[in-house]
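Participant: sequence plus predicted model, see below.
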Amino acid sequence: LVVICSRPQVLDDPALQKYGELHSMRHLELAPFSPAAVHSFLMRWPHDRHLDANEEAARLFSNLSANPAMFDTCRNPLALSLYVLLDAKVQADGHERGEGLPETRASFYGEITNHLLVRRSAARTGRPVRSRAVRNQWSGFLSQVAYDHILSKDQYNYIPHETLIKYSDGLTNVDGDRDRAIEQMATNTGLIRRNAHDTWSFIHRSYLDYFVGYEIANQTNTRGDIRSLGNSLKADPLRRLEALSFACGALADRQPTLLSQMLKYISNNAWLASSYPRACVEGQRFLDPEFTTVVRNLLGSYLTEKSA
């Protein structure tokens, strides 16, 4: 018996599909953690010796339970591990327990990518990094690549090398070698990897969705932008709606007024309305009076259609 653990995107690898290596294998997917499993994971975490494991698990579980978006995000081992490590970092920076932690999934991924974009690079090269300049340069490049890809017909998370070259102006060093600059950025950050057949992939699909959401938030400044976004999402909703959730989380931190307009547009749009509850959770608007009204109407419509 051979057990292979991998990310789901491996199953989509064109080479494996073409040559049939996967046909004789049985595929099992890790189910999301239940609340009990989350608590058990936190209990088993190797907390610092001076901390009481029971108290730490109870504190972390309480923090997550108070935030539906973060709890849902952390229902897998990787995200939950990152949350615990981020909590330890926040405390090491001098914050009180529970303070300084991200409140939205977008800000959570922002903290993770900030580490990968800046601190991981500094640790690998041994050289100080101008955090803001480098982060803006690299995140801008990745968000443009991700957004271009999501609008294309290319296989999801298999991005042609030419797409990266198109947006690599800001990455080039003195000799102007774009290929080398992309390879160096990929090595330093670990956020993207090169595949066979000259394509690239984000290390996990959620990072692709995060950077698309990041770019959507950058491009959304008016009601007209929101309408244009809605039309583009309609062309391929299954491919693009997850990024919309990230965009709502990003707007919650940057432009709360525009987020209100975005949520109103979603609730009034027949084919987008089912995404409204998730968008409110991502944007931390589930306590707004409108949330209860809209969700009640959505549920009523669903029950009416089901009984018809």
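Facilitator: Thanks, I have it.

Participant: low-confidence ranges, the stretch 1-150 of the chain, go.
Facilitator: Along the stretch 1-150 of the chain, segments meeting pLDDT under 70 span 7-24, 95-99, 119-131.

Participant: now the helices for the stretch 101-250 of the chain?
Facilitator: Listed in chain order, the helices of the stretch 101-250 of the chain (DSSP state H, counting those that start in this stretch) span 105-114, 120-125, 131-150, 161-166, 178-189, 205-219, 223-235, 237-254.

Participant: among the ones you listed, which is nearest Ser81?
Facilitator: helix 105-114 (10.9 Å; C-beta to C-beta). The C-beta positions use only the backbone N, C-alpha and C, and glycine is treated the same way.

Participant: would you mind giving the helices of the stretch 101-250 of the chain as a markdown table with mean neighbour count and distance to Val294 added?
Facilitator: Listed next are those as a markdown table, based on neighbours: other C-beta atoms under 10 Å; distance: least, C-beta to C-beta, whole Å:
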| stretch | mean neighbour count | distance to Val294 |
| --- | --- | --- |
| helix 105-114 | 21 | 21 |
| helix 120-125 | 14 | 41 |
| helix 131-150 | 19 | 27 |
| helix 161-166 | 16 | 37 |
| helix 178-189 | 17 | 39 |
| helix 205-219 | 23 | 21 |
| helix 223-235 | 14 | 16 |
| helix 237-254 | 21 | 14 |
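
Participant: now tabulate those helices in CSV and tack on distance to Leu303.
Facilitator: Rendered in CSV, the data for these read as follows (distance: least, C-beta to C-beta, whole Å):
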stretch, distance to Leu303
helix 105-114, 29
helix 120-125, 49
helix 131-150, 34
helix 161-166, 44
helix 178-189, 47
helix 205-219, 31
helix 223-235, 25
helix 237-254, 23
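
Participant: between these, which one is nearest to Lys264?
Facilitator: Taking C-beta to C-beta as the criterion, helix 223-235 is the member of the helices of the stretch 101-250 of the chain that comes nearest to Lys264, at 9.0 Å.

Participant: next one: the closest one to chain centre, how far?
Facilitator: Its chain's average C-alpha position is 21 Å from that of helix 223-235, according to C-alpha atoms, centre = their mean, to the nearest Å.

Participant: can you list the neighbours in contact with it?
Facilitator: By C-beta atoms under 8 Å, 6 or more residues apart in numbering, the residues outside helix 223-235 that reach it are 151, 216, 219-220, 240-241, 244, 258, 261-262, 265, 269, 271-272.

Participant: output that helix as PDB, nothing but the C-alphas.
Facilitator: The C-alpha trace of helix 223-235 is given here as PDB (Å, rounded to 0.1, in the frame of the first residue of the first chain):
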ATOM      1  CA  ARG A 223     -20.500  51.900  -8.600                       C
ATOM      2  CA  GLY A 224     -19.700  51.500 -12.300                       C
ATOM      3  CA  ASP A 225     -16.700  49.400 -11.400                       C
ATOM      4  CA  ILE A 226     -19.000  47.100  -9.300                       C
ATOM      5  CA  ARG A 227     -21.400  46.700 -12.200                       C
ATOM      6  CA  SER A 228     -18.500  45.800 -14.600                       C
ATOM      7  CA  LEU A 229     -17.200  43.400 -12.100                       C
ATOM      8  CA  GLY A 230     -20.600  41.700 -11.800                       C
ATOM      9  CA  ASN A 231     -20.800  41.300 -15.600                       C
ATOM     10  CA  SER A 232     -17.300  39.700 -15.700                       C
ATOM     11  CA  LEU A 233     -18.100  37.300 -12.900                       C
ATOM     12  CA  LYS A 234     -21.200  36.200 -14.700                       C
ATOM     13  CA  ALA A 235     -19.100  34.900 -17.600                       C
END
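
Participant: that helix vs helix 237-254, what angle?
Facilitator: If you take axes from the mean of the first three to the mean of the last three C-alpha atoms, to 10 degrees, helix 223-235 sits at 150 degrees to helix 237-254.

Participant: Leu28 is nearest to which of the helices of the stretch 101-250 of the chain?
Facilitator: Nearest of the helices of the stretch 101-250 of the chain to Leu28, taken as C-beta to C-beta: helix 205-219 at 18.3 Å.

Participant: which residues touch the closest one?
Facilitator: Applying C-beta under 8 Å, 6+ apart, the external contacts of helix 205-219 come out as 8-9, 106, 109-110, 113, 139, 142-147, 149-150, 156-157, 191, 202, 225, 229, 240, 242-251, 254-255.

Participant: export that helix as PDB, just CAs?
Facilitator: Coordinates of the C-alpha atoms in helix 205-219 are reproduced here as PDB (Å, rounded to 0.1, in the frame of the first residue of the first chain):
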ATOM      1  CA  ARG A 205      -5.500  27.700  -5.200                       C
ATOM      2  CA  SER A 206      -6.500  29.900  -2.300                       C
ATOM      3  CA  TYR A 207      -3.500  32.100  -3.000                       C
ATOM      4  CA  LEU A 208      -4.600  32.500  -6.600                       C
ATOM      5  CA  ASP A 209      -8.000  33.600  -5.400                       C
ATOM      6  CA  TYR A 210      -6.500  35.900  -2.800                       C
ATOM      7  CA  PHE A 211      -4.500  37.800  -5.400                       C
ATOM      8  CA  VAL A 212      -7.400  38.000  -7.800                       C
ATOM      9  CA  GLY A 213      -9.500  39.400  -4.900                       C
ATOM     10  CA  TYR A 214      -6.600  41.800  -4.100                       C
ATOM     11  CA  GLU A 215      -6.700  43.100  -7.700                       C
ATOM     12  CA  ILE A 216     -10.500  43.300  -7.800                       C
ATOM     13  CA  ALA A 217     -10.300  45.500  -4.700                       C
ATOM     14  CA  ASN A 218      -7.600  47.700  -6.400                       C
ATOM     15  CA  GLN A 219      -9.800  48.200  -9.500                       C
END
